[in-house]
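Undergrad: can't give you the sequence, but here's the structure:
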């Protein structure tokens, strides 16, 4: 008679990596933590300090034998057969990844007289000071945002020792305004530029009527000359304008 039972498939520790999310069962409780069966070749240990955020006096206050739990791999050493787990969900945005200039999308979680706190996936919310909520004057934070609003922000500064993140909405608005102005300057010709191009075009046309019909090879040179005249004229206009403002 053959045994139809198949051996339980286990996951090698070498296949696990920090941050992996696993489902498991509490197998044994000790004073220092709980061992969890996650289907690996060894049970993993959730240290008492990793059971939840905040202080835990007894492991039994948080988990019990046979309980189904979600855990994350904290560290793994396949050579020594050690698997450390945590029941505290890893941060979506680790402190080391938070840098000035980083753009984020977050949710407003609290309003104060001095600004708004925004949850961006870090250990704690970042602060958008009332002066950084808009390019316009803001009397109250609630005039601009409400709790649960999702907004785009940029990191102004981060203090890892104090666990503080300074955010800004205004900086993004200023950047957008500058980009729009730059685009307009690049694509919109000034009135003087339009007039000069028209005048040069008419001048070239008149010259073409009286010119030698065999001079077609010089047409490109004339066009380049016209562009040079236009560039010098516009440059002179900018210098004159600058001197006038300086006076």
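TA: Everything's here; your move. Everything numeric in this text was worked out from a predicted model, so none of it was measured. Residues are numbered from 1 along each chain as shown.

Undergrad: so what's the residue nearest to residue 120 when sequence neighbours are not counted bridging to?
TA: In space, and not counting its chain neighbours, residue 120 is closest to residue 106: 3.8 Å by Cβ to Cβ, 6 or more residues apart in numbering. Where C-beta positions appear, they are placed from N, C-alpha and C, glycine not excepted. On the basis of DSSP bridges, residue 106 is bridged to residue 151.

Undergrad: quick check: pLDDT value at the residue nearest to the spatial centre of the chain.
TA: By Cα atoms, centre = their mean, the chain has its centre lying nearest to residue 103, at 3.2 Å. Looking at residue 103, its pLDDT reads 95.

Undergrad: one more: the one 4 residues further on?
TA: For residue 107, the model assigns a pLDDT of 96.

Undergrad: is it in contact with residue 149, as I believe?
TA: Yes. Contact criterion Cβ atoms under 8 Å: residue 107 and residue 149 qualify, at 7.1 Å.

Undergrad: what number of residues lie near residue 159?
TA: By other Cβ atoms under 10 Å, the residues close to residue 159 number 9.

Undergrad: what bridges to it?
TA: With DSSP bridges applied, residue 159 shows beta-bridge pairing to residue 164.

Undergrad: how much space between it and residue 93?
TA: 15 Å (Cβ to Cβ, to the nearest Å).

Undergrad: so, low pLDDT: which residues of this structure?
TA: Within the chain, the set of residues satisfying pLDDT under 70 comprises 1-8, 184-223, 225-227, 229-247.

Undergrad: and the helices in it?
TA: Secondary structure of the chain, counting by DSSP state H: helices at 170-187, 191-210, 219-246.

Undergrad: picking that back up, against residue 113, how distant is the residue nearest to the centre of the chain?
TA: For residue 103 relative to residue 113 (Cβ to Cβ), the value is 27 Å.

Undergrad: just the buried residues of stretch 54-72, please?
TA: Residues of stretch 54-72 classed as buried by neighbour count (16 or more other Cβ atoms under 10 Å): 56, 59, 62-63, 69, 71-72.

Undergrad: not counting residues beside it along the chain, what's closest to residue 30?
TA: Among residues not flanking residue 30 along the chain, residue 59 sits closest, at 7.1 Å (Cβ to Cβ, 6+ apart).

Undergrad: also residue 93?
TA: Distance criterion Cβ to Cβ, 6+ apart; nearest residue to residue 93, sequence neighbours excluded, is residue 121 at 3.9 Å.

Undergrad: count the residues that sit near the nearest residue to residue 174 once chain neighbours are set aside.
TA: Distance criterion Cβ to Cβ, 6+ apart; nearest residue to residue 174, sequence neighbours excluded, is residue 135 at 6.2 Å. Residues within reach of residue 135, counting by other Cβ under 10 Å, total 14.

Undergrad: and residue 135, its phi and psi?
TA: For residue 135, the backbone dihedrals are phi -70, psi -20 (criterion: degrees, to the nearest 10).

Undergrad: close enough to count as contact, it and residue 173?
TA: Yes. The criterion here is Cβ under 8 Å, and residue 135 meets it with residue 173 at 4.9 Å.

Undergrad: dump the buried residues of stretch 54-72 into TSV; add distance to residue 35 as well.
TA: What follows is those, written out as TSV (distance: Cβ to Cβ, whole Å):
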residue	distance to residue 35
56	16
59	10
62	14
63	10
69	11
71	11
72	16
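
Undergrad: mind picking the two most distant members of those?
TA: Using Cβ to Cβ, the pair of the buried residues of stretch 54-72 lying farthest apart is 59 and 72, separated by 17.8 Å.

Undergrad: from residue 154, how far out is the closest residue to residue 132 other than its chain neighbours?
TA: Computed as Cβ to Cβ, 6+ apart, the closest residue to residue 132 that is not its neighbour in sequence is residue 168, at 4.0 Å. The spacing between residue 168 and residue 154, counted by Cβ to Cβ, is 5 Å.
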